[in-house]
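1. Dropping a prediction and its sequence here:
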Amino acid sequence: MRKLKVGLLGGTFNPVHQGHLIIAEQALAQLQLDRVDFLPDFLPPHVDHKEAIAAHHRVAMLQLAIQKNERFGLELAEIERQGKSYSYDTMKELQTQHPNVEYYFIIGGDMVAYLDKWYRIADLIQLVTFVGVNRPETTAVSPYPVQWIKVPAFAVSSSLIRTNLSQGRAVRYLLPDLVLDYIKEHQLYGTR
Ligand SMILES: Nc1ncnc2c1ncn2[C@@H]1O[C@H](COP(=O)(O)OP(=O)(O)OP(=O)(O)O)[C@@H](O)[C@H]1O
Ligand SMILES: O=C(O)c1ccc[n+]([C@@H]2O[C@H](COP(=O)([O-])O)[C@@H](O)[C@H]2O)c1
């Protein structure tokens, strides 16, 4: 039986934005995946501290953002496990639970250079295929077996959205309308 090909887009999603949706859809189409699951972290595994709003808000916004795409899903393993969200721990758990699934872990092209800093990277590359999101004009290289996809650059980030929101600047169309409505309704990121 053919294994199911599932993409995972891991991140903090603080908040989710169009850049995330664009790369998930491109990975789905270019690699002919069956599904892409968004994987929100509980605590980002970086050495430097990264603040994020409560997980239930980040998850609620993700649900609103993906609800119209039947091939997008949510993977809540890291939220349920709590603690630091090391990808190795997550993939070990998911592979054990779903042995009939082949996982593709989607990461921004800039992050590929830092893969050697990831927790148990040598073991992790046995569990997933990394998908590097590259810009059309650049060449992609890595000592690790990364499968590259080319996606037009859309330079939005969650930090930019948080900054704009807190300073009353425009963010419409940088993220889905429903997510922006949720942010305003719950007065997140300094909105009122
Ligand atoms: N505009 C974008 N284009 C391509 N990849 C992106 C973009 N924004 C985020 N990503 C990738 O999506 C994944 C999850 O990102 P994350 O949730 O940390 O969002 P972020 O916008 O990078 O957040 P922050 O600005 O808070 O650091 C990462 O692999 C990141 O590289
Ligand atoms: O496991 C690690 O050591 C590790 C180090 C850096 C990043 N990651 C994962 O990579 C994904 C994107 O990270 P970030 O910080 O860009 O949101 C997210 O799922 C993180 O858990 C994982």
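-> Good, I have the coordinates. Ligands and ions are numbered 1, 2, ... in the order given.
2. Quick check: residues of the chain near ligand 1?
-> For the chain, the residues in contact with ligand 1 (Cβ under 6 Å from any ligand atom) are 11-14, 19-20, 23, 107-108, 111, 133, 154-159. Backbone N, C-alpha and C define where each C-beta goes, glycine included.
3. so what secondary structure elements neighbour the least confident helix or strand in the chain by mean pLDDT?
-> The weakest-scoring helix or strand in the chain, judged by mean pLDDT, DSSP states H and E, is helix 109-112 (a mean of 86). Counting contacts by 3 or more Cβ pairs under 8 Å, 6 or more residues apart in numbering; DSSP states H and E, helix 109-112 packs against strand 129-134.
4. List the buried residues of the strand it packs on.
-> For strand 129-134, a neighbour-count test (16 or more other Cβ atoms under 10 Å) marks T129, F130, V131, G132, V133, N134 as buried.
5. quick one: is stretch 16-29 near ligand 2?
-> No - shown here: stretch 16-29 not in contact with ligand 2 (Cβ under 6 Å from any ligand atom), separated by at least 9.9 Å.
6. quick one: contacts of stretch 161-176?
-> By Cβ atoms under 8 Å, 6 or more residues apart in numbering, the residues outside stretch 161-176 that reach it are 14-18, 21, 64-65, 156, 160, 180, 183, 188-191.
7. now with 10 Å?
-> 14-21, 51-53, 61, 64-68, 154, 156-158, 160, 179-180, 182-184, 188-192 (Cβ atoms under 10 Å, 6 or more residues apart in numbering).
8. Of those residues, select the buried ones using a ChimeraX command.
-> The following ChimeraX line selects those of the contacts of stretch 161-176 that are buried, judged by 16+ other Cβ under 10 Å:
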select :14,15,16,17,18,19,20,21,52,53,61,64,65,66,156,158,179,180,182,183,188,189
